[in-house]
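Peer 1: I would like to see how this sequence folds:
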Amino acid sequence: MKKVLFSIVLLLVLTAGTNAQMRSAANWIGKFGIAGGFTPVYLLPDLGAINNNAFGFNVDELSENGFIGFGGAGYGYIMVVKNLRVGGIGFGGTTSVDAVNNNVKQEIVYSNGVGGLTLEYTLPFVKGLAISVGSIIGRGNIEIEVYNNAGSVSFEDLSNSESTVDVNHVFRNKYWIFSPTLNVDIPLNRFIAIRVGAGYNISFGGEWEADNGRSVNNVPDDINGSYPFIQTGIFMGLFSF
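Peer 2: Just a heads-up that it's a prediction; the model follows:
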C-alpha cells in the first residue's frame, strides 16, 4: 500500500513539474501549435456580369448571394518568430443553373477555387484562443461551363462535328491571388479547435481561354477572382493558446 501511495505521489509531482515546464516554455515561445483540418467556406463572387450576358439562355440567374465550398488547411508555428505560423490552404465551390426549353437543356456552371501559402500572426495579448491576422498567397482558377444540348446523342456523333449543333464550351481563367485574412481559432481542448474567419481574394494576372486553349476576348472586367469569403473549420492537432 505504501508503495502504491508513493507511486501516486511521485506521479503527481512529476506531472506538476512537467506542466510547470510547459507553461514556462509557452511563456517563452509565445503561442504554439501544429494542426490540420477541414474548412467549409462561403464564397461571394460577383456573378452579375455572367447573369447579364447569360449566353442567350433562358435560365434563372446564378445566385448573387454566394455559395458553399469546401477545402482543407494546415499550419504550424515556426517558433523562430514568436506567434507566427505558416501553412497552406485550398478551397473551392460550384454553383449552377439549368432549364429545359423546347426539349433543349441549357445549363451554366460556375466554379471557383484557390490554393496557396498562409502566413499569419497570432495576437499575443489574447488568452485562451488564437486571433490571427494574415494572408494567403497563391493561385486561383475560374471555370464557366456552358451547355446547350438537345435530346440524346450517339457515340459516333461525338467524333463528327457536322452531325450536331450542340453548344459545349468551357471558359477558364487562372490567376494569382493575395488574400488578407482574419481568423479566430477556439480550442475545445488541447487537440481540437474550431475556426471562424473571413478574407478577401485580390486577384491579378491571368488570361482567359476556352475549350482547347483558344483565347477569349471581351470578357467583362467584373468576372474575376476578387471576392470576399467566410471561412469555418474544425482542426485537429496540438494547441497552446
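
Peer 1: number of residues surrounding the closest residue in space to Val219 that isn't next to it in sequence?
Peer 2: Closest residue to Val219 apart from its sequence neighbours, by Cβ to Cβ, 6 or more residues apart in numbering: Trp208 at 4.9 Å. For the C-beta atoms, the positions are set from N, CA and C on the backbone; glycine is no exception. Here the number of neighbours of Trp208 (other Cβ atoms under 10 Å) works out to 18.

Peer 1: cool, the one 10 residues further on as well?
Peer 2: Residue crowding around Asn218 was assessed by other Cβ under 10 Å; the count is 5.

Peer 1: ok, Val153 next?
Peer 2: 12.

Peer 1: mind checking how far the residue most central in space within the chain is from Leu129?
Peer 2: With distances taken as Cα atoms, centre = their mean, Phe91 lies nearest the centre of the chain, 2.7 Å away. The gap separating Phe91 from Leu129 is 22 Å, by Cβ to Cβ, to the nearest Å.

Peer 1: element containing the residue nearest to the centre of the chain, please.
Peer 2: Using DSSP states H and E, Phe91 maps to strand 84-101.

Peer 1: how distant is that strand from the center of its chain?
Peer 2: Centre-to-centre, strand 84-101 and its host chain are 7 Å apart (Cα atoms, centre = their mean, to the nearest Å).

Peer 1: sheet partners, orientation included, of it?
Peer 2: Paired strands of strand 84-101, with direction, are strand 67-77 (antiparallel), strand 104-122 (antiparallel) (DSSP bridges).

Peer 1: next helix or strand past the last one?
Peer 2: The one in question is strand 104-122. Note on strand 104-122: by DSSP H and E, the next helix or strand toward the C-terminus is strand 130-150.

Peer 1: can you get me a residue count around Thr118?
Peer 2: A count of nearby residues for Thr118, using other Cβ under 10 Å, gives 22.

Peer 1: was I right to think it contacts Val133?
Peer 2: No - applying Cβ atoms under 8 Å, one finds Thr118 not in contact with Val133, separated by 11.5 Å.

Peer 1: identify the contacts common to these two.
Peer 2: Thr181 (Cβ atoms under 8 Å, 6 or more residues apart in numbering).

Peer 1: which pLDDT value goes with Asn5?
Peer 2: I think there's a mix-up here, since residue 5 is Leu and not Asn. You'll see Leu5 listed with a pLDDT of 36.

Peer 1: next helix or strand past the helix or strand of the chain with the lowest mean pLDDT?
Peer 2: Sorting the helices and strands of the chain by mean pLDDT, DSSP states H and E puts helix 2-29 at the bottom, at a mean of 40. Once the chain leaves helix 2-29, the next helix or strand it forms, by DSSP H and E, is strand 32-38.

Peer 1: quick revisit: tell me the angle of the strand holding Phe91 relative to strand 130-150?
Peer 2: For strand 84-101 against strand 130-150, the angle by axes from the mean of the first three to the mean of the last three Cα atoms, to 10 degrees is 20 degrees.

Peer 1: quick check: mean pLDDT of strand 84-101?
Peer 2: On average, strand 84-101 scores 95.

Peer 1: where does pLDDT dip in the protein?
Peer 2: For the chain, residues meeting the criterion pLDDT under 70 lie at 1-30, 155-165.

Peer 1: same thing but 50
Peer 2: Counting by pLDDT under 50, the chain has low-confidence residues at 1-29.
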